[in-house]
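**Student:** After the sequence you'll find the predicted model.
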Amino acid sequence: MAQDIVYFDLETQRSANDAGGWDRKRDMGMSLAVTYSTAAGEYRVYPEKEVHELVDQLVRADLVVGFNVLNFDYEVLAGYTVLDLSHAARTLDLMVEVQKKLGHRLSLDSIASATLGVGKTGDGLDAIRWWREGRMLDIAEYCCFDVKCTKLVHEHGVIHKKLQYVDKFQNRQSVEVDWP
């Protein structure tokens, strides 16, 4: 059976400010999550009421790939599960890996725009506003696009062993990566 790589992203119901600070990520609440499974060849959208099915998929995956999932998405999910997902799920956090190489954080948008020529379609604050307005389809589309960007950045890194990004001076740079 083929390896199941699960690409993953989630959006929240509340901002860090609403939840009482960045140390209260588990209180931010998941509005919606999206995965893409290479074994199933499909995207799946998880509303909050299906969060336990999401956790099951992440734990069963051969590899979970995301962007800032260790310090953000898994921390939000800690409000729903007793599992420590950073240990229960084999995870490749692209942001963490790039940060190890460069010594500073980059955004998914910076990498995707420079590497793929495709940028993000919004930000997390848009998704929170959409949640408050009941615009779940907008959240799902935005989150699916982030998962697709993450998947394409990962695949590019696996194949080419490097990524492009735009630095703070708007110069195009590259960083070598060695990803499974």
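**Tutor:** That came through fine.
**Student:** make it CA atoms for all contacts and neighbour counts henceforth
**Tutor:** OK.
**Student:** Check whether R44 really touches L32, as I assumed.
**Tutor:** No. With contact defined as CA atoms under 8 Å, R44 does not reach L32; the gap is 10.5 Å.
**Student:** Pick out whichever of these two has more residues nearby.
**Tutor:** Taking R44 and L32 together and counting by other CA atoms under 10 Å, L32 has the greater number of neighbours (24 against 16).
**Student:** ok, the more buried one to R26 distance?
**Tutor:** 14 Å (CA to CA, to the nearest Å).
**Student:** Residues contacting stretch 23-43, please?
**Tutor:** 2-16, 18-19, 44-48, 54, 72, 75-80, 131, 136, 139-140, 143-144, 147-148 (CA atoms under 8 Å, 6 or more residues apart in numbering).
**Student:** Show me the residues you listed that map onto helices.
**Tutor:** Judged by DSSP state H, the contacts of stretch 23-43 include 16, 18-19, 54, 75-77, 131, 136, 139-140, 143-144, 147-148 as members of helices.
**Student:** Mark which of these are buried, thanks.
**Tutor:** 16, 19, 54, 75-77, 131, 136, 139-140, 143-144, 147-148 (16 or more other CA atoms under 10 Å).
**Student:** Take those and write them to JSON lines, including pLDDT.
**Tutor:** Formatted as JSON lines, those follow (pLDDT from 0 to 100):
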{"residue": "A16", "pLDDT": "94"}
{"residue": "A19", "pLDDT": "95"}
{"residue": "L54", "pLDDT": "98"}
{"residue": "E75", "pLDDT": "97"}
{"residue": "V76", "pLDDT": "98"}
{"residue": "L77", "pLDDT": "98"}
{"residue": "W131", "pLDDT": "95"}
{"residue": "M136", "pLDDT": "96"}
{"residue": "I139", "pLDDT": "95"}
{"residue": "A140", "pLDDT": "96"}
{"residue": "C143", "pLDDT": "95"}
{"residue": "C144", "pLDDT": "96"}
{"residue": "V147", "pLDDT": "97"}
{"residue": "K148", "pLDDT": "96"}
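**Student:** Return, as residue ranges, the portions of the protein with sub-threshold pLDDT.
**Tutor:** Where the chain drops to pLDDT under 70, the residues are 1, 120-122.
**Student:** for F67, what are its contacts?
**Tutor:** 9, 93-96, 108, 150.
**Student:** Could you list which of those residues belong to helices?
**Tutor:** Per DSSP H, the subset of the contacts of F67 in helices is 94-96, 108, 150.
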